[in-house]
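In: this one's structure only:
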Ligand SMILES: Nc1ncnc2c1ncn2[C@@H]1O[C@H](COP(=O)(O)OP(=O)(O)OP(=O)(O)O)[C@@H](O)[C@H]1O
């Protein structure tokens, strides 16, 4: 029996997709009747799986095989290396194990001017549940470039801090070793520079420039989609850096395997190291970011009530939060008035009106129905089956969170239900978000769709 594939089916079902992609998908198994050896690509993944999932895996195996359940062990490695005595160079790369010291190689070239943003450092990056893992992995890489996890792939929606984290790693590497050559480039910039090099017959310089760095940070790799020549060039750059253990950090708006228009060989390489997600921040993190930005950027001590007011109303991403903050502070400077909640409301009036206009109960119902592939009329109907009742509760909770309608008004809009039903639904969803990953993820996805 293939226990591991049964186990992964179950985990895929039980875990939020991002967790499954980050921790379970990279594992390979070597099985016999008595044991399953799980091969993790690096120590970080190994530790995480050990601490967070090993118990569940063992329990699940016992539940399906009882006393015959195989034992489970974890180690670093890859099946290619385990199974074939004659390793190819690709297999060697895949089974590469980190060495303790980062090799900063010596390059006989004039130092490259750094294009890192000095403000994007770890000190100015506010930690929250949504970015905890990405931040922890980035710090490890800053401390051990080229040897901790290579490449690091950070993915998440727009304006959530991917670029900030990449620069923070780069800045940390340069701080520790001022001779390190760290280059940040947006993937569109990489393409543009390559096209220019081809036009001017300087492609060799281009190749040398990118292949001689100690750390290459490439932002938004989804922009490589469909650009075959650039992908080809980047493939060789990637291999050159990887083989010489120089750090590569990539960002994208989605999981590597889901970036369409990218060659398979690139997608698979992107997953060789560690893939981490950044998710939209929760309210407390949004408030902490606002307070920290107000202080750092403007030297303003933002009152808590104002920070909560902005954090509650602006949910889509951190760039938008910053935009709202700038607007309030500019207005306060211009008018000389104190920053109170009333003042903030006034300053953001247009922005919030535009936002409020978009999120109506009707809009929520339509979006939720589409998401769960049911009909809007079913949300309003008396049907009580789980497949309808749960989406209905989620829609009610969203209506409570995103609109200013009262509970009776929301009940009315959901087929004339009582306000206590709405209250029950919102409480139930709060509870389920804590205990059921699926609900948590569905709710977050819907919130994002409705507010961005
Ligand atoms: N955790 C955080 N703490 C403080 N500031 C943050 C945090 N996350 C993001 N920011 C700020 O939000 C703004 C947008 O972040 P960033 O440019 O890194 O987003 P991104 O994910 O790269 O977006 P895009 O996909 O559009 O490139 C930046 O000014 C950044 O400093």
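Out: Now that the structure is in, tell me what you want to look at. Computed from a predicted model, the values in this text were never measured in an experiment. Residues are numbered from 1 along each chain as shown.

In: pLDDT weak spots in the chain?
Out: Residue ranges of the chain with pLDDT under 70: 1, 18, 79-113, 355-358.

In: which residue does it bring closest to the ligand?
Out: For the chain, the residue closest to the ligand is residue 161, as judged by C-beta to the nearest ligand atom, at 2.7 Å. C-beta coordinates here come from the backbone N, C-alpha and C atoms, glycine included.

In: Now do that residue: how many residues are near it, please.
Out: Close neighbours of residue 161, defined as other C-beta atoms under 10 Å, add up to 25.

In: try residue 15
Out: Neighbour tally, residue 15, other C-beta under 10 Å: 20.

In: hang on, isn't it packed against residue 438?
Out: No - applying C-beta atoms under 8 Å, one finds residue 15 not in contact with residue 438, separated by 9.0 Å.

In: Contact residues of the stretch 301-450 of the chain facing the ligand?
Out: Residues of the stretch 301-450 of the chain lying close to the ligand (C-beta under 6 Å from any ligand atom) are 318, 319, 322.

In: Recalculate using a threshold of 8 Å.
Out: With C-beta under 8 Å from any ligand atom as the criterion, the stretch 301-450 of the chain meets the ligand at residues 317, 318, 319, 321, 322.

In: Report the contact partners of the last one.
Out: Same thing as residue 322. Shown in contact with residue 322 (C-beta atoms under 8 Å, 6 or more residues apart in numbering): residue 293.

In: domain assignment for this protein?
Out: For the chain, the structural domains run 3-81, 122-277, 283-357, 359-451, going by automatic domain parsing.

In: where exactly do the helices run in the stretch 1-150 of the chain?
Out: Shown for the stretch 1-150 of the chain, the helices assigned by DSSP state H, counting those that start in this stretch span residues 3-14, 17-19, 43-52, 54-65, 79-83, 89-94, 132-143.

In: And the contacts of the first one?
Out: What it means is helix 3-14. Under the criterion C-beta under 8 Å, 6+ apart, residues 20, 24-25, 29, 31, 36, 38, 53, 56-57, 60-61, 64-65, 69-70, 437 lie in contact with helix 3-14.

In: at 10 Å instead, please
Out: Residues from elsewhere that reach helix 3-14, judged by C-beta atoms under 10 Å, 6 or more residues apart in numbering: 2, 19-21, 23-25, 27-31, 33, 35-38, 53, 56-58, 60-61, 63-65, 68-70, 72, 436-438.

In: Pull out the buried members of these.
Out: By neighbour count, with 16 or more other C-beta atoms under 10 Å, the contacts of helix 3-14 hold 19-21, 23-25, 27-31, 36-38, 53, 57-58, 60-61, 69-70, 72, 436-437 as buried.

In: Strands - which of these land there?
Out: 28, 29, 30, 31, 36, 37, 38, 72 (DSSP state E).

In: so the last one makes contact with residue 29?
Out: Translated: residue 72. Yes - between residue 72 and residue 29 there is a contact under C-beta atoms under 10 Å: 9.2 Å.

In: So for these two, which residues contact both of them?
Out: Joint contacts of residue 72 and residue 29 (C-beta under 10 Å, 6+ apart) are 3, 4, 7, 35, 36, 37, 38.

In: what sits against the fifth one?
Out: This points to residue 36. 2-4, 7, 27, 29-30, 57-58, 61, 69-74.

In: Please repeat the previous calculation with a cut-off of 7 Å.
Out: 3, 4, 29, 70, 72 (C-beta atoms under 7 Å, 6 or more residues apart in numbering).

In: hmm, back to that, secondary structure for the residues of the stretch 301-450 of the chain next to the ligand - can I get that in a markdown table?
Out: Output for these, formatted as a markdown table (DSSP: H, G, I helix; E, B strand; the rest coil):
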| residue | secondary structure |
| --- | --- |
| 317 | coil |
| 318 | helix |
| 319 | helix |
| 321 | helix |
| 322 | helix |
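
In: Apply the buried test to those residues and list what passes.
Out: Looking at these with 16+ other C-beta under 10 Å, the buried ones turn out to be 317, 318, 321, 322.

In: ok, residue 362 to residue 444 distance?
Out: Distance from residue 362 to residue 444, counting by C-beta to C-beta, to the nearest Å: 22 Å.

In: between these two, which one's more packed in?
Out: More neighbours surround residue 444 than the other of residue 362 and residue 444, with 16 against 11 (other C-beta under 10 Å).

In: quick one: which helix or strand includes that one?
Out: Assigned by DSSP states H and E, residue 444 falls within helix 437-451.

In: what angle sits between that helix and helix 3-14?
Out: 50 degrees (axes from the mean of the first three to the mean of the last three C-alpha atoms, to 10 degrees).

In: For helix 437-451, which helices and strands make contact with it?
Out: For helix 437-451, the helices and strands in contact under the criterion 3 or more C-beta pairs under 7 Å, 6 or more residues apart in numbering; DSSP states H and E are helix 361-372, helix 386-402, helix 419-435.

In: again, only this time at 8 Å
Out: In this structure, helix 437-451 packs against helix 17-19, helix 361-372, helix 386-402, helix 419-435, with contacts taken as 3 or more C-beta pairs under 8 Å, 6 or more residues apart in numbering; DSSP states H and E.

In: Mind putting these into TSV with distance to residue 295?
Out: Below are the helices and strands packed on helix 437-451 laid out as TSV (distance: least, C-beta to C-beta, whole Å):
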stretch	distance to residue 295
helix 17-19	31
helix 361-372	35
helix 386-402	28
helix 419-435	31
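
In: Buried deepest among these, which one?
Out: Neighbour counts (mean count of other C-beta atoms under 10 Å) averaged over each of these peak at helix 386-402, with a mean of 21.

In: Who are the contact partners of residue 406?
Out: residue 419.

In: I'd like to know how many residues surround residue 181.
Out: Residue 181: 21 surrounding residues under other C-beta under 10 Å.

In: Run through the strands of the stretch 151-300 of the chain in chain order.
Out: Taking DSSP state E, counting those that start in this stretch, the strands of the stretch 151-300 of the chain run over residues 152-155, 182-186, 215-219, 247-252, 274-277.

In: what's around the residue nearest to residue 160 when sequence neighbours are not counted, how many residues?
Out: Spatial nearest neighbour of residue 160, excluding adjacent residues (C-beta to C-beta, 6 or more residues apart in numbering): residue 278 at 4.7 Å. Residues near residue 278, counting by other C-beta under 10 Å, number 24.

In: The one 3 residues further on too?
Out: Here the count is done by other C-beta under 10 Å, and residue 281 has 23 residues near it.

In: hang on, isn't it packed against residue 287?
Out: No - using C-beta under 8 Å, residue 281 makes no contact with residue 287, being 9.2 Å away.

In: any chance you could map the helices in the stretch 151-300 of the chain?
Out: Using DSSP H, counting those that start in this stretch, helices in the stretch 151-300 of the chain cover 162-176, 187-199, 203-211, 228-243, 264-270, 283-298.
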